[in-house]
Every structure is written in structure tokens, then in C-alpha cells.
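Chemist: Pasted the sequence and its predicted model underneath.
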Amino acid sequence: MKNNIHSAVLFAALLTILLPSCKKAPQEAALHPEWSYGTVMYEVNVRQFTPEGTFAGVQGQLPRLRELGVDILWFMPIYEIGTVERKGTLGSYYAISDYTKVNPEFGTMEDFEQLLGEAHKLGFKVILDWVANQTAPDHVWMSGKDPSFYERNEKGEAIYEYDWTDTRSLNYENEAVWAAQDECMRFWLEKGVDGFRCDAAAEVPAKFWKGILPKMKEDYPQVYLLAEAESTQLIDPKETFDASYAWKLHHLLNDIAQGKKTASDLKQYLVDDDKEYGNANFRLMFTSNHDENSWAGSEFERMGDAAQACAVLCFTLPKGQPLIYTGQEIGIKRRIEFFEKDPITSWAEVEPFTKFYTDLVALRHAHPCLDAGERGASLKYIDGAPEGVMAFTRGEGKDKVTVLVNLTAAPQSVTVPLERKVSSLFSGTPFPKGGAQIELPSWGYEILHSPKK
């Protein structure tokens, strides 16, 4: 009996020595919400999402969005909007009259809370569009707060920027405005929303964001914050925003599609972006959003036959967090009205677009090497690829993705070395270990990977 006890003690001691060396190295502490790295964002235009244009209408579409696979639902502004100097029949979502009330056009607060609860139940994260730069002329603060809440001219009149005649600019030299904004944002966080996409974030002084966001992140550790800005002052995920807009990339992709720029320009952009932004900040990548669609045209209008090739890059380039805008998954080719009712009347699947986006979302989930920010793998170019082709890999072993995108109007051929058997993401065609000759049509693309079984 003593011998058995002695042996057990020795065995336990030996385990104490050996076990630490068997443990996996701890993952680097997250700079962003742990849930956010492998996500795909979907922008919901509530007014145009269904013929009803309501929260209930969106709720009815949640199962379809779950099948599409997207993770974050970004709702364009849902707040009560002004009537003074309203544009069009229905007005702009971005001319807000009360940050803590919902737009009755969409339903009631109870309707929104029900939508939020159902979205969470299905596994979505929900972020709201936050409009800090300006309010409607008839916002509750205009009469209920100190006049210095707003920027004013020499006549004492509240002013607006650009052609935003249905708004008035808030005065961020008055720190009472900071406190009021912070209080309203927290109102929604307390209801359970998961973060904010902050409209025109660089139009607001960086000192405001740096003044309120660190404490917000401390109080809500899993809050996610996206800046509609491309400013190096707003890219510290510990102090300000988790993600920023890759506007330069978007305009570059438009130019490549129109023959004004080439793959060489894209390669140089990636070098410059790394120098300017590092790899910690997520970079929101997109071929469309509400602004681009309504004012510049759909991706097909701007990018033509290159639209899907550009989307492939948005889903696979380093640091990127991809965005799908309302209707892209069914190939909507028209501009969606901004101030008038112009709904999508059918969400029936449209090939190849529905499968195309579903496959790309599934690819992001299957391969952590494509994660946004600092956790994603770096890009390695494939030697010998034609000058007009973006040919690169990310990751290693089974978590490796090979991306080929022809950024020219002429067919191209690429020889790809393969360390293991892989399959085409889009067709399922298998390719054996060794290598493959891939033929790409005009603006063609291919993604090779080892799919999960």
C-alpha cells in the first residue's frame, strides 16, 4: 500500500513537471471583441428592406440572413427623424430629432426590442448607425439645451455643412455635447445592442471620441465600434475604433474596373496601407453601401463585369472585414432611393449572386487565416503570375487559402503550386497535390482551399 501511494505521488509530481510543456501557447490577448475577428457585416436599409419597411419586416427576413451566414447586422439609423426642412417625402435617416426614440415609420420601440432579441437568439450581433456630427433642425436639443450645443453664425443661427440643409451641426467645443452623446449611446447599449457604426466620424473632433470611448469600452468590454472614416487618429482599438473604412481601396477598385488603374496599383496600395495603418485596425472593405449605391450607382454601374472580382478581394485581402449591402446578395442592379420609398419586393435567391456571397461568407468562417486585424495571416504573392493578376496565398496547411483574381479584360493563365489536395470554393472542382494550371477569363477569379468535412 505504501509503495502504491509512493508511486502515485511520484506520478503526480512528474505530471506537474510535464504538463506545462504540453499546453498550447496561449492566444495573444484580443485587441477587439473576441467575437468580431472572423465576422462578415451586413448593412440593413430598414426602409427599403421589405415592402412594409418595418422592424417586423426585417425580423421576418432573419432566417434568410442566417442562411446567408452573415454575422453583424448594421442597421442604418432607426431613430426619430426631423420634419423641418425634410428632404423628399420621407426624409433622411441622418437628420435625427431624438436619439432615444425610434422612427415611427419603422414601428415602435417594442418592435425594435423584439427584433433585437430575435436577432440575438439566432446568433447575430447588432450595431446601430450613430450620427454624432449633426441633428435635425428640430431636434429636442435645439430648444431644450444651451444654445452653444450647436455651431452658429454671426447672426446666431445654427449652421449646417455641405448641402445637408435638413441638419444642423453640433458644437464639440462644448463638452456638454460629449456627455449628452455618451448618455444616448449608452441608452442603446443598455438595451443590448452590440456596438455602433459611427457616421462621418472624422467630421467630429478626435478628442471627442477619445474622451468618451475608452470608458465606454471599459464598461462594455465586448462593444464593437466602426468609424466611417479613414483617419489614423481613430484607429487605436484600445482607445477609439475597432474598424475604419477602406475608402482608398474602394475607389481604387472602381478605378481598376474602369481601366484607370492596375493590379500594380493595388499592390502598392497594400504596402502603403500597412505603413499608415498597421495591422491592428480592421479595415471595412466593400463594393457597395448605402452612399455608394444611392449616389454613385450600384457596383455593376461602377465596376461592370469586374464587380464580383472586386468582391472576392474584399473578402480575402489582409486586415479586411467584408461588408454586404442590402440587395447585393441577389444582384440588385439599380440605385435605391434615399428619401423615398423604394423597397425590394422579392428576396428570392438569384444565381450566381446568392451562392457567390454565401460561399464567400462560409470561406471566412472556415479559415481563421482570413480573420480581420492582427490575427489574420499575411499575404504571400505567387511567383510567376501575370502582371494583371492578383495571385496570393494566406495561411498554412489546411488553413491556407489561394486567391486568384484577374484584374484585366483579357483571359489569363496562372500556374499554382499546391502543397496538398484542394478544391475550388465556387465549383467544388478538386485539384491534386503538386500544382495546377488555372485559366481565368476576363475579370475571372478562383479561390482554392481545403474545405471542412
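Modeler: That came in fine, so what should we check first? Quick caveat: nothing in here was measured; it's all calculated off a predicted structure.
Chemist: switch to C-alpha atoms for all contacts and neighbour counts from now on
Modeler: Will do.
Chemist: Quick check: residue 258 touching residue 305?
Modeler: No - at 9.8 Å, residue 258 does not count as touching residue 305 under the criterion of CA atoms under 8 Å.
Chemist: Could you give me the buried positions within stretch 371-387?
Modeler: By neighbour count with 16 or more other CA atoms under 10 Å, stretch 371-387 contains the buried residues 371-379, 382, 385.
Chemist: Reformat those as a markdown table; add pLDDT.
Modeler: Formatted as a markdown table, the buried residues of stretch 371-387 follow (pLDDT from 0 to 100):
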| residue | pLDDT |
| --- | --- |
| 371 | 98 |
| 372 | 97 |
| 373 | 94 |
| 374 | 95 |
| 375 | 95 |
| 376 | 97 |
| 377 | 97 |
| 378 | 97 |
| 379 | 97 |
| 382 | 98 |
| 385 | 97 |
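Chemist: So which residues of the stretch 351-453 of the chain form strands?
Modeler: Assigned by DSSP state E, counting those that start in this stretch, the strands in the stretch 351-453 of the chain fall at 379-381, 389-396, 399-406, 412-418, 422-424, 430-431, 434-440, 445-449.
Chemist: could you redo the ones you listed as TSV and give each row distance to residue 123?
Modeler: Formatted as TSV, the strands of the stretch 351-453 of the chain follow (distance: least, CA to CA, whole Å):
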stretch	distance to residue 123
strand 379-381	30
strand 389-396	27
strand 399-406	24
strand 412-418	36
strand 422-424	28
strand 430-431	32
strand 434-440	37
strand 445-449	26
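Chemist: Quick check: the gap between residue 115 and residue 75.
Modeler: To residue 75, residue 115 is 11 Å away according to CA to CA, to the nearest Å.
Chemist: and residue 162, how many neighbours does it have?
Modeler: Residue 162 is flanked by 5 other residues according to other CA atoms under 10 Å.
Chemist: Quick check: pLDDT value at it.
Modeler: On pLDDT, residue 162 comes in at 93.
Chemist: Regarding it, what is its secondary structure?
Modeler: Under DSSP: H, G, I helix; E, B strand; the rest coil, the three-state class of residue 162 is coil.
Chemist: do you know how far it is from residue 201?
Modeler: Distance, residue 162 to residue 201, using CA to CA: 16 Å.
Chemist: go on, residue 288?
Modeler: From residue 288 across to residue 201, the span is 19 Å (CA to CA).
Chemist: Then residue 364?
Modeler: Distance, residue 364 to residue 201, by CA to CA: 27 Å.
Chemist: for residue 91, same thing?
Modeler: When residue 91 is compared with residue 201 (using CA to CA), they lie 22 Å apart.
Chemist: So which of these two has more stuff around it?
Modeler: The neighbour comparison of residue 91 against residue 201 (other CA under 10 Å) goes to residue 201, with 23 against 19.
Chemist: who's in contact with the more buried one?
Modeler: Taking CA atoms under 8 Å, 6 or more residues apart in numbering as the contact definition, residue 201 lies against 132-133, 227-229.
Chemist: 10 Å - rerun?
Modeler: Neighbouring residues of residue 201 by CA atoms under 10 Å, 6 or more residues apart in numbering: 130-133, 209, 226-231, 234, 241, 244.
Chemist: Now distance to residue 69 too, for the buried residues of stretch 371-387, in JSON lines please.
Modeler: Below are the buried residues of stretch 371-387 laid out as JSON lines (distance: CA to CA, whole Å):
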{"residue": "371", "distance to residue 69": "15"}
{"residue": "372", "distance to residue 69": "17"}
{"residue": "373", "distance to residue 69": "20"}
{"residue": "374", "distance to residue 69": "23"}
{"residue": "375", "distance to residue 69": "21"}
{"residue": "376", "distance to residue 69": "20"}
{"residue": "377", "distance to residue 69": "22"}
{"residue": "378", "distance to residue 69": "25"}
{"residue": "379", "distance to residue 69": "25"}
{"residue": "382", "distance to residue 69": "30"}
{"residue": "385", "distance to residue 69": "32"}
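Chemist: Quickly name whichever of the residues you listed is closest to residue 194.
Modeler: Of all those, residue 372 has the smallest distance to residue 194: 17.8 Å, by CA to CA.
Chemist: What residues are bridge-paired with that closest one?
Modeler: residue 319 (DSSP bridges).
Chemist: I figured it hits residue 317, correct?
Modeler: Yes - judged on CA atoms under 10 Å, residue 372 makes contact with residue 317 at a distance of 9.1 Å.
Chemist: which residues do those two both contact?
Modeler: residue 283.
Chemist: Show me the shaky parts of the stretch 51-200 of the chain.
Modeler: The model of the stretch 51-200 of the chain has no residue with pLDDT under 70.
Chemist: Show me where it has its helices.
Modeler: In the stretch 51-200 of the chain, the helices defined using DSSP state H, counting those that start in this stretch lie at 55-68, 109-121, 140-144, 175-191.
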